[in-house]
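Undergrad: prediction below, plus the sequence it came from.
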Amino acid sequence: QLQACGGGLVQAGGSLRLSCAASGRTFGSYSMGWFRQAPGEEREFVAALKWSGGSTYYADSVKGRFAISRDNAKNTVYLQMNSLKLEDTAVYYCAVYRGGGYYYKTSYHYWGQGTQVTVSS
C-alpha cells in the first residue's frame, strides 16, 4: 500500500514536500510516479523516477519547480514542490510504474490515497 502525505495550504510562491510511503512491500526496485487531479479535471502526470539509473521525468508545467526523489532505506518517494502556483492546487497521488509511457496514468498501479495541496493567493 502507498500513502501520500505532506499536503496542505500554502501561499503562492511557497514550497511543500510530499511523501509517499510504502507499506507491506518494498518498492525500491520499482519506478514511481506522482500524479495530480484538480476538481473536474482528469488525473494528470506530474513526475516520475526510474529506479534503474535514476532518470526523472516531469510535466512541462512543473519542470524546474518540482523535484522527485526517493529514499530506498525508508521505502519512500518524495515530491519537492517549489514556487507553487494557484494552478498547482489538486489532490496529489503516488503510484508504482508497471510499464508503458511514463506520462500515462494507465502505466501505473497500486495507487495510494492522495494528499490535498491548496495554493492560495
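TA: Everything's here; your move.
Undergrad: for Lys50, which residues are in contact?
TA: Ser31, Thr56, Tyr57, Tyr97, Tyr102 (Cβ atoms under 8 Å, 6 or more residues apart in numbering). To be clear about C-beta, it is placed using only N, CA and C from the backbone, and glycine gets the same treatment.
Undergrad: pLDDT at it, what is it?
TA: As predicted, Lys50 sits at a pLDDT of 92.
Undergrad: again, but for Asn75
TA: Value for Asn75, per-residue pLDDT: 87.
Undergrad: tell me the SS of the residue nearest in space to the middle of the chain?
TA: In the chain, the centroid-proximal residue (Cα atoms, centre = their mean) is Trp34; its distance is 2.5 Å. Under DSSP: H, G, I helix; E, B strand; the rest coil, Trp34 falls in the strand class.
Undergrad: wait, it sits on Ala47?
TA: Yes. The pair Trp34 / Ala47 is scored as a contact, 4.8 Å apart, by Cβ atoms under 8 Å.
Undergrad: tell me, what's touching these two both at once?
TA: Counting by Cβ under 8 Å, 6+ apart, the residues touching both Trp34 and Ala47 are Ile68, Leu79.
Undergrad: surely Ser31 touches Ala47?
TA: No. If you go by Cβ under 8 Å, Ser31 and Ala47 don't touch, sitting 11.2 Å apart.
Undergrad: mind jotting down where the strands sit in the chain?
TA: Counting by DSSP state E, the chain has strands at residues 2-5, 8-11, 16-22, 32-37, 44-49, 56-58, 66-71, 76-81, 90-97, 108-109, 115-120.
Undergrad: what's the longest one in contact with?
TA: The one in question is strand 90-97. With Cβ under 8 Å, 6+ apart, strand 90-97 has contacts from 2, 4, 7, 18, 20, 27, 30-38, 41, 43, 46, 48, 50, 77, 79, 105, 107-117.
Undergrad: from Thr115, how far off is Gly6?
TA: Look at Gly6 and Thr115: by Cβ to Cβ, to the nearest Å, they are 6 Å apart.
Undergrad: so the two - more neighbours on which side?
TA: Using other Cβ atoms under 10 Å, the more surrounded residue of Gly6 and Thr115 is Thr115, with 22 against 16.
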